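Trainee: only geometry, no sequence info:
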């Protein structure tokens, strides 16, 4: 009865989606369901729910204009695009480069933006490279409907990304007769929580420019930096002036409200590009990626409230993230679980290998199932992020403190019982 292409959604749901839905069916609540499942696998920032809720209840957030009742601001209202440009200039480039609203487009979330870029930049079967381990949905976002082939580049020597590794991966695809059209650069990295230097980003851009490959910088955690090294803070690709980019027409930036603001339900992402053709394509398809104008006004209000952002939201968000990260690392460190050097994000990458009988996917998934089914805690096994060094898991620590405490206690008891 249905099309062949629709079958992608008729089988087993994608792993992260399936687990999220199962957690929602039996969600933990300290009072009404204390034995329920705790979700430490879906990257949401529940630590700032109160701050966001209080701000959204202010009288300036909700308003109405007649033109919003019609087709208006499908690729971003003028107010929102100006607010986003000012916000990115102040918060992301820190004034080093001034962002122009004309180079920014609104899409319905960074996932929607990735699918849109996949459609614009690559044809069916052409390749987008992404370093792994990485966020599992990158593969689904660009492949499920657009059929772009997303290929993982396996990081080496303690999860290190280098220009040489990218160059070798491009050559391997060329040898297979594949055409590489894009490279997805996730900085800060998910799931590692690592921050890549601007020098590395430039070197990777030069490799991409050499081969005519689009450089896509997903910086959705750009403002969730809680442990940056002194003297080497996070630097966005937006800080590179257009005339200094190796290939400005093939350099694209993505950011959204889901992580840094904990507003995943708003479905709002931004794409910045110097490519007029790409922007025109986004304009042409905006009816498929648009966001309600009332939500756009709400977002513009938040992005433009410098007093609240400077004095309340960002300082408190970073403090809470830092505390939750330290608590998670220290608690699991008590039973010998070592953590990767996370500096940003809502998660920590942890080595559970000492609790596996053998470092294989079979035993990694067995541990996942024990935690998920027997102890009602959901953490993501590294193999689902493309990691071939079995035994690593990603834990989201940005849940409420009570949930985190209960979940970590369950994990410790489960492992010690092994």
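Mentor: Sure, I can see it. Keep in mind the model is a prediction, meaning the values are calculated, not measured.

Trainee: which residues does the closest residue to residue 119 other than its chain neighbours contact?
Mentor: Sequence neighbours aside, residue 146 is the residue nearest to residue 119 in space, at 5.0 Å (criterion: CB to CB, 6 or more residues apart in numbering). Every residue, glycine included, has its C-beta placed from N, CA and C. Applying CB atoms under 8 Å, 6 or more residues apart in numbering, we find residue 146 in contact with 115, 118, 119, 122, 124.

Trainee: pull the longest helix from this protein.
Mentor: helix 314-333 (DSSP state H).

Trainee: so which elements touch whatever helix or strand comes next after that helix?
Mentor: Following helix 314-333 in sequence order, the next helix or strand is strand 338-339 (DSSP states H and E). Under the contact definition 3 or more CB pairs under 8 Å, 6 or more residues apart in numbering; DSSP states H and E, strand 338-339 sits against helix 314-333, strand 347-351.

Trainee: so which of these gets nearest residue 162?
Mentor: strand 347-351 (18.8 Å; CB to CB).

Trainee: tell me the angle the closest one makes with helix 314-333.
Mentor: 20 degrees (axes from the mean of the first three to the mean of the last three CA atoms, to 10 degrees).

Trainee: which one of the helices and strands packed on strand 338-339 is the most hemmed in?
Mentor: For the helices and strands packed on strand 338-339, ranked by mean neighbour count under the definition mean count of other CB atoms under 10 Å, the leader is strand 347-351 at a mean of 23.

Trainee: work out the sheet partners of it and label each with its direction, please.
Mentor: Strand 347-351 sits in its sheet next to strand 338-339 (antiparallel), strand 392-396 (antiparallel), going by DSSP bridges.

Trainee: pull the residues that contact that strand.
Mentor: Counting by CB under 8 Å, 6+ apart, residues outside strand 347-351 touching it are 43, 133, 190-193, 325, 328-329, 332, 337-340, 342, 382, 391-398.

Trainee: just the buried residues from the residues you listed, in ChimeraX please.
Mentor: Buried subset of the contacts of strand 347-351, written as a ChimeraX selection, criterion 16 or more other CB atoms under 10 Å:
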select :43,133,190,191,192,193,325,328,329,332,337,339,340,342,382,391,392,393,394,395,396,397,398
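
Trainee: pLDDT wise, what is the residue nearest to residue 119 at?
Mentor: The model reports residue 146 with a pLDDT of 93.

Trainee: where's it, which helix or strand?
Mentor: According to DSSP H and E, residue 146 maps onto no helix or strand at all.

Trainee: of all residues in the protein, which one is nearest the centre?
Mentor: In the chain, the C-alpha closest to the average C-alpha coordinate belongs to residue 220, at a distance of 5.2 Å (CA atoms, centre = their mean).

Trainee: that residue: what secondary structure?
Mentor: Local secondary structure at residue 220 is given as coil here, using DSSP: H, G, I helix; E, B strand; the rest coil.

Trainee: where exactly do the helices run in this structure?
Mentor: Listed in chain order (using DSSP H), the helices of the chain are 15-25, 49-56, 78-87, 110-121, 137-143, 163-175, 198-211, 276-284, 293-304, 306-308, 314-333, 361-369, 401-417.

Trainee: relative to residue 203, which of the helices and strands packed on strand 338-339 is closest?
Mentor: Closest approach to residue 203 among those (CB to CB): strand 347-351, 23.5 Å.

Trainee: now do the closest one, average pLDDT.
Mentor: For strand 347-351, the mean pLDDT works out to 98.

Trainee: do the same with stretch 370-389
Mentor: Here the average pLDDT along stretch 370-389 is 97.

Trainee: what's the neighbour count on the closest residue to residue 372 other than its chain neighbours?
Mentor: Closest residue to residue 372 in three dimensions, ignoring its sequence neighbours and counting by CB to CB, 6+ apart: residue 378, at 5.6 Å. Other residues within reach of residue 378 by the criterion other CB atoms under 10 Å amount to 22.

Trainee: related to what we said a few turns ago, buried subset of the contacts of residue 146?
Mentor: Counted by 16+ other CB under 10 Å, those give 115, 118, 119, 122 as buried.

Trainee: got any ranges where the protein has weak pLDDT?
Mentor: Counting by pLDDT under 70, the chain has low-confidence residues at 230-232.

Trainee: and it, what are its domains?
Mentor: The domain map for the chain lists 5-51+308-417, 66-305, with the assignment taken from automatic domain parsing.

Trainee: select, out of the ones you listed, the one closest to residue 58.
Mentor: Evaluated with CB to CB, those place domain 66-305 nearest to residue 58, the distance being 8.2 Å.

Trainee: ends of the closest one, how far apart?
Mentor: End-to-end distance for domain 66-305, by CA to CA, to the nearest Å: 24 Å.

Trainee: over to stretch 238-254?
Mentor: Counting by CA to CA, you get 10 Å between the two ends of stretch 238-254.

Trainee: buried ones in that stretch?
Mentor: Of the residues in stretch 238-254, those buried (16+ other CB under 10 Å) are 238, 239, 240, 245, 246, 247, 248, 250, 251, 252, 253, 254.

Trainee: nearest to residue 64 among those?
Mentor: Residue 64 lies nearest to residue 254 out of these, by CB to CB, at 29.9 Å.

Trainee: how near is the residue nearest to that closest one when sequence neighbours are not counted to residue 367?
Mentor: In space, not counting the residues next to it along the chain, residue 254 is nearest to residue 218; the distance is 4.9 Å by CB to CB, 6+ apart. Shown here: residue 218 relative to residue 367, a distance of 29 Å by CB to CB, to the nearest Å.

Trainee: neighbour count winner among these two?
Mentor: Looking at residue 218 and residue 367 with other CB under 10 Å, you find the greater number of neighbours at residue 218, namely 27 against 22.
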